[in-house]
Each structure stands twice: as structure tokens, then as C-alpha cells.
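Chemist: Dropping the sequence and predicted coords here.
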Amino acid sequence: MTAQIIDGKALSKQLRVGFRERVGRLVEQGVRPGLAVILVGDNPASRVYVGNKVKACEECGVRSLHVALPADTPEAEMLARIAQLNADPTVHGILIQLPLPGHIDVRRVLEAISVHKDVDGFHLYNVGGLVVGNTIFPPCTPYGVQLLLDTTGTEVAGKNVVVVGASNIVGKPMALMLLQREATVTICHAKTRDLAQHTILADILIVAAGKPGLIVPQMVKQGAIVIDVGINRLPDNRIVGDVDFDGVKEKASWITPVPGGVGPMTVTMLIENTLRSAERSLQASPADDYQDWEAPVLKAV
Ligand SMILES: Nc1nc2c(c(=O)[nH]1)N[C@@H](CN(C=O)c1ccc(C(=O)N[C@@H](CCC(=O)O)C(=O)O)cc1)CN2
């Protein structure tokens with residue numbers, strides 16, 4: 001039996017209808033949500049992703065502020081820009097497009113973003129929040145994957161989940177979020193021996209390794225849910241994931257396509273986090289700490 005497709009483009013479209021309504025309500029109350037996107041250098045893929053983010057803002061009525069800086073921008077200048085954006089009440093979310101040029105200390109600039117505007121969820125506070133299960137802003141890609149999984153109607157608790165890839169922005173937070181939902185989680189990475197021995201046991205297989213064709217049908221359990229987070233551009237310009245889609249779809253029960261699966265959801269969850277930040281700004285006197293943040297409750301179904 002061929003797998004059912006988990007359509008991230010369609011789910012994004014549906015969620016964005018609700019976002020426009022939320023923006024309308026915010027504007028009625030005098031707040032236009034604002035997102036600042038900082039891009040350093042001219043990495044072509046990053047330019048596409050930033051373009052997608054700016055387009056999504058336009059579609060939802062969010063004001064976007066695109067800060068494009070040359071590749072040799074000193075770290076001190078970035079820190080100064082971030083400080084300005086932290087202090088700007090019309091900016092509810094700030095993100096720094098990754099990767100950054102090598103001369104910039106990624107952790108230092110991410111830590112400079114106000115926890116209250118860290119809509120990418122990369123600040124150490126938000127990362128730590130994932131460990132104890134109450135982060136302010138879930139990181140966008142794993143958050144999107146969680147919603148995509150929800151659309152399958154599958155109860156995650158008790159399932160064997162295997163995450164392939166241990167990056168700070170996808171693999172590790174993904175594993176923590178699914179552990180919070182009581183899955184049995186295994187993380188595989190570049191040093192894992194005999195990858196197939198792990199993946200074959202997965203009821204839910206999430207692949208974020210950046211290696212086209214890494215996962216072939218023999219590595220997948222019959223009926224598994226397969227989420228492909230990889231985005232690889234081939235020499236012929238085609239975009240493919242990390243999973244052999246045509247082969248694996250004959251074995252899986254559900255599968256995400258690339259493009260049109262996780263990618264659009266990453267951008268959609270960024271808007272969700274920005275709206276939550278803007279909504280919170282309406283509270284009469286938001287405390288200057290993070291204790292009064294409510295945990296996010298967005299559900300896909
Ligand atoms: N600050 C951040 N940097 C990066 C993140 C992130 O979440 N925050 N994640 C990735 C890139 N990324 C978002 O920035 C991203 C990747 C892919 C897509 C997307 O829409 N993909 C499309 C295909 C797009 C194409 O034509 O190449 C799809 O899969 O359908 C959006 C965002 C690294 N950096």
C-alpha cells in the first residue's frame with residue numbers, strides 16, 4: 001500500500017487563514033505584529049528562505065523588517081543592531097538567519113536576542129525550557145513537524161521515534177519535544193554505527209541529516225510514519241530530501257514530500273511564534289521576566 005502524503009503546504013495555508021484573523025484582532029487593538037529578519041552575507045539558500053519568510057509575513061499581515069548586512073559585518077555591529085531591535089516596541093520577533101559567516105560567534109549573537117523576541121527559539125533560555133517542557137517559543141522546524149504528525153491522528157506516547165541528525169536547530173530539540181510527549185526517542189548521528197539497525201525499529205522516523213538518499217526502503221519499518229526534514233539541492237537544481245521518497249512511500253503509512261512538507265511549516269511556525277509574542281505585548285504590564293508566559297497550545301487538528 002502506498003503511503004498517505006502529509007501535505008505541509010496545505011496545512012500551512014490552512015493555519016495562515018487563522019493567522020490573518022489574529023493579526024486583524026491585534027490591529028484593532030493597536031498592535032501590528034512585526035518581525036525583524038537579519039541576513040548576513042549572500043548565501044543563496046538563505047536568501048530563498050528569508051524571501052519565504054518575508055512573503056509569509058506579507059500574506060499574514062505581519063510587518064517585516066529585513067536587515068541585510070554584508071558578509072564581513074563585524075560581530076559588534078550585529079550586537080548593536082540586535083540591541084536596537086530588542087528596544088523597539090514595534091518589533092515582536094527577531095531572527096538571525098543561519099548559517100552565519102565564520103568570524104561571528106553564533107552563540108553570542110543568539111544570546112543577545114531578548115528572550116521575549118526569540119521567535120526562532122534558539123536562545124539558551126528557550127533551549128533549556130525544552131528540557132523541562134515549557135519553552136516560550138518552540139523552535140520552528142520541530143514545532144512544524146509536531147503539527148504535521150498531529151494531522152495523521154497518531155498518538156505519539158509510547159511510540160518508538162528515531163530522529164536521524166543531532167543538530168541544535170532540528171534533531172536535538174525535536175527529540176526533546178517528542179520525549180515530552182512520552183515517545184521512546186532514539187537520536188542517531190554521524191557517528192552512529194549501523195544506522196539501519198535503529199531506523200528499522202521506528203514507528204515514527206524523522207530524518208534531518210542533509211544527505212540525499214540516506215534512507216532507503218530496507219531501513220524503514222512497514223507502516224512507519226516518515227518525516228523528511230532534509231532539503232538538498234542536486235546539481236540538476238532539483239530539491240530533494242534525505243529519504244528515497246519513491247521507494248519509501250511504498251512501505252510507510254504516511255510520508256512528507258520535499259519540497260512541500262516540513263519547509264513551509266518552518267516558516268508558518270515562525271509566524272505563529274511572532275503572533276504569540278505580539279499578543280503577549282498587549283498584556284497590561286508584562287513582567288520583565290518570563291514567568292508569566294503561557295505555554296503554546298496550537299493544534300493542527
Ligand atoms: N534562523 C534560522 N535559520 C535557519 C533555520 C531556522 O529555522 N531559523 N532553518 C533552516 C532553513 N529554513 C529556515 O530558515 C528553511 C528551510 C526551508 C524552507 C522551505 O520553505 N523549503 C521549501 C523549498 C524551498 C526552496 O525552494 O529551496 C520546501 O521544503 O518546500 C524554509 C525555511 C536553516 N537556517
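Modeler: Perfect, I can see it now.

Chemist: Can you check the pLDDT for the closest residue to residue 31 other than its chain neighbours?
Modeler: Leaving aside its chain neighbours, residue 31 sits nearest to residue 278 (5.5 Å; criterion: Cβ to Cβ, 6 or more residues apart in numbering). All C-beta atoms are positioned from the backbone trio N, CA, C, and that covers glycine. At residue 278, the predicted lDDT confidence score is 97.

Chemist: Close to the ligand: what parts of the stretch 151-300 of the chain are there?
Modeler: Taking Cβ under 6 Å from any ligand atom as the criterion, the neighbours of the ligand within the stretch 151-300 of the chain are 169, 231, 239, 258, 259, 260, 263, 264, 266, 267.

Chemist: Taking these together, which two end up most distant?
Modeler: By the measure Cβ to Cβ, 169 and 260 form the most distant pair in these, at 20.4 Å.

Chemist: for stretch 188-205, how far is the first residue from the last?
Modeler: One end of stretch 188-205 to the other measures 11 Å (Cα to Cα, to the nearest Å).

Chemist: Keep only those of the residues of the stretch 151-300 of the chain next to the ligand that are in helices.
Modeler: 263, 264, 266, 267 (DSSP state H).

Chemist: For the protein, which segments count as helices?
Modeler: For the chain, applying DSSP H gives helices covering 8-28, 44-60, 75-87, 106-112, 124-132, 140-151, 171-180, 195-199, 245-248, 262-280.

Chemist: how long is stretch 64-75 end to end?
Modeler: Stretch 64-75 has an end-to-end distance of 23 Å (Cα to Cα).

Chemist: what pLDDT does residue 294 get?
Modeler: Looking at residue 294, its pLDDT stands at 69.

Chemist: let me redo that: residue 194
Modeler: The model reports residue 194 with a pLDDT of 97.

Chemist: same check, this time on residue 135
Modeler: The predicted structure scores residue 135 at 88 on the pLDDT scale.

Chemist: contacting residues for it?
Modeler: Neighbouring residues of residue 135 by Cβ atoms under 8 Å, 6 or more residues apart in numbering: 121, 126, 127, 128, 129, 295.

Chemist: I'd like the distance between it and the ligand.
Modeler: For residue 135, the distance to the ligand equals 15 Å [Cβ to the nearest ligand atom, to the nearest Å].

Chemist: Please report how far that residue lies from residue 226.
Modeler: From residue 135 across to residue 226, the span is 26 Å (Cβ to Cβ, to the nearest Å).

Chemist: what's the answer for residue 125, then?
Modeler: If you measure residue 125 against residue 226 using Cβ to Cβ, the figure is 32 Å.

Chemist: More neighbours: the two, which one.
Modeler: Regarding residue 125 and residue 226, a neighbour count based on other Cβ atoms under 10 Å identifies residue 226 as having more, with 26 against 16.

Chemist: Residue 85 is in contact with residue 91, isn't it?
Modeler: Yes. Taking contact to mean Cβ atoms under 8 Å, the distance of 5.1 Å between residue 85 and residue 91 places them in contact.

Chemist: Find residues that contact each of the two.
Modeler: With Cβ under 8 Å, 6+ apart applied, the overlap between the contact sets of residue 85 and residue 91 consists of 36, 65, 117.

Chemist: isn't residue 183 right up against residue 162?
Modeler: No. The pair formed by residue 183 and residue 162 falls short of the contact definition of Cβ under 8 Å, at 9.9 Å.

Chemist: more crowded one of the two?
Modeler: Just comparing residue 183 and residue 162: by other Cβ under 10 Å the higher neighbour count belongs to residue 162, 26 against 22.

Chemist: so what pLDDT did that one get?
Modeler: Reading off the per-residue confidence, residue 162 sits at a pLDDT of 98.

Chemist: still on that earlier bit, overlap in contacts of residue 183 and residue 162?
Modeler: If you check residue 183 and residue 162 against Cβ under 8 Å, 6+ apart, the residues they both contact are residue 204.

Chemist: and stretch 64-79 with the ligand, contact?
Modeler: No. Contact of stretch 64-79 with the ligand (Cβ under 6 Å from any ligand atom) is absent, the minimum separation being 12.7 Å.
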